[in-house]
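Visitor: pasting the structure only:
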């Protein structure tokens, strides 16, 4: 029987972060991913799970994106 290589059955962790932007949901999601990438290595997949807006005095003042992303556990 052949011996399995170390990474034949990788394991991933999922984290959720919320990004914010005064411009758009796309910028909010990008901000979340770029911030997470500063401390997490080998990010693989991101999924926007929720979008919302902050409203002040009847006007949209911020867009927020909740983003789930996965990264690979290291051996």
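Guide: Arrived safely. Being a predicted model, the structure only gives us computed values, none of them experimental.
Visitor: give me phi/psi at residue 34?
Guide: The phi/psi pair for residue 34 (degrees, to the nearest 10) reads phi -70, psi -40.
Visitor: and what of residue 30?
Guide: Phi and psi for residue 30, reported as degrees, to the nearest 10, are phi -60, psi -40.
Visitor: wait, what's in contact with it?
Guide: Residue 30 makes contact with 19, 21 under the criterion Cβ atoms under 8 Å, 6 or more residues apart in numbering. Where you see a C-beta, it was placed from the backbone N, CA and C, and this is true even at glycine.
Visitor: measure it to residue 23 for me?
Guide: 10 Å (Cβ to Cβ, to the nearest Å).
Visitor: Quick one: mean pLDDT for the helix or strand harbouring residue 16?
Guide: Following DSSP states H and E, one finds residue 16 within strand 12-21. Strand 12-21 comes out with an average pLDDT of 95.
Visitor: which sections of the chain are below the confidence cut-off?
Guide: Confidence mapping of the chain against pLDDT under 70 gives the ranges 1-7, 75.
Visitor: Now do the same for residue 36: helix, strand or coil?
Guide: Look at residue 36: counting by DSSP: H, G, I helix; E, B strand; the rest coil, its state is helix.
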